[in-house]
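[1] give me a 3D structure for the following:
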Amino acid sequence: MSEKSEFQTVNIYTDGACSGNPGPGGWAAILQYGEHEKEVSGNMPLTTNNRMELFAVISGLGQLKKPCNVNVYSDSTYVVHAFEKDWITNWQNNGWKTTDKQPVENQDLWKLLLLIIRKHPSIRFHKVPAHAEHDYNNRCDALARGEVDKFKSDFEKEQ
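    Below you'll find the model as predicted:
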């Protein structure tokens, strides 16, 4: 999508984490516009790392109250390559099947993400190295892992 200059540009940094795969998971997103930042995060009881990566992007985009140009920064090859290598278009054209004719995993979240993306004039996905010296990615990772720990702690209290 081409960038439209009349819209604000927002950067969204995302990460997902999972203890076990499947297992309890956490997600986090940091939205950055100019000098403003907002952190959002949460957890789920039984999920996968890929679902948490997708949910982080969906949740970050869901925070936007109006159409924006968006840069999404993620360490998830799964998420970034789906758009940058056009996997998502191929999946749709193949009836949500992979190249080896298997159903695409996490279709519910991919379809939700596609609906949300349509609200914005421009969205670009950027791959960042995992667990490297990238402050926002490291912060998202810490928030997502913190959510996993929070879920485990809350679960143990209930037992």
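[2] tell me which residues of the one helix or strand Arg51 maps to come out buried.
    In this structure, Arg51 is located in helix 49-62 according to DSSP states H and E. Across helix 49-62, burial judged by 16 or more other Cβ atoms under 10 Å covers 49-61. C-betas here are computed from N, CA, C, even on glycine.
[3] can you count the residues close to Phe125?
    The criterion is other Cβ atoms under 10 Å. On that basis, Phe125 has 17 neighbouring residues.
[4] relative to helix 49-62, how tilted is the helix or strand where it lies?
    Using DSSP H and E, Phe125 sits in strand 122-127. Here strand 122-127 runs at an angle of 140 degrees relative to helix 49-62 (axes from the mean of the first three to the mean of the last three Cα atoms, to 10 degrees).
[5] how about strand 122-127: buried residues?
    122-123, 125.
[6] the helix or strand that comes right after it vs helix 49-62, what angle?
    Once strand 122-127 ends, the next helix or strand along the chain (criterion: DSSP H and E) is helix 135-158. On the basis of the same axes, to 10 degrees, helix 135-158 is oriented at 110 degrees to helix 49-62.
[7] average pLDDT for helix 135-158?
    Helix 135-158 comes out with an average pLDDT of 87.
[8] and that helix, what does it pack onto?
    strand 9-18, strand 23-33, strand 36-47, helix 49-62 (3 or more Cβ pairs under 8 Å, 6 or more residues apart in numbering; DSSP states H and E).
[9] need the winner for burial among the ones you listed.
    Among the helices and strands packed on helix 135-158, the stretch with the highest mean neighbour count (mean count of other Cβ atoms under 10 Å) is strand 9-18, at a mean of 25.
[10] now do that one: which elements does it pack against?
    strand 23-33, helix 49-62, strand 69-74, helix 135-158.
[11] who does that strand pair up with?
    Strand pairing for strand 9-18, determined by DSSP bridges: strand 23-33 (antiparallel), strand 69-74 (parallel).
[12] quick one: those strands as CSV, columns for mean pLDDT too.
    Formatted as CSV, those follow (pLDDT from 0 to 100):
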stretch, mean pLDDT
strand 23-33, 97
strand 69-74, 98
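[13] now do the residue positioned nearest the centre of the chain against Asp108, distance only.
    For the chain, Val57 is the residue whose C-alpha lies nearest the centre (Cα atoms, centre = their mean; 2.5 Å). In this structure, Val57 and Asp108 are 14 Å apart, going by Cβ to Cβ, to the nearest Å.
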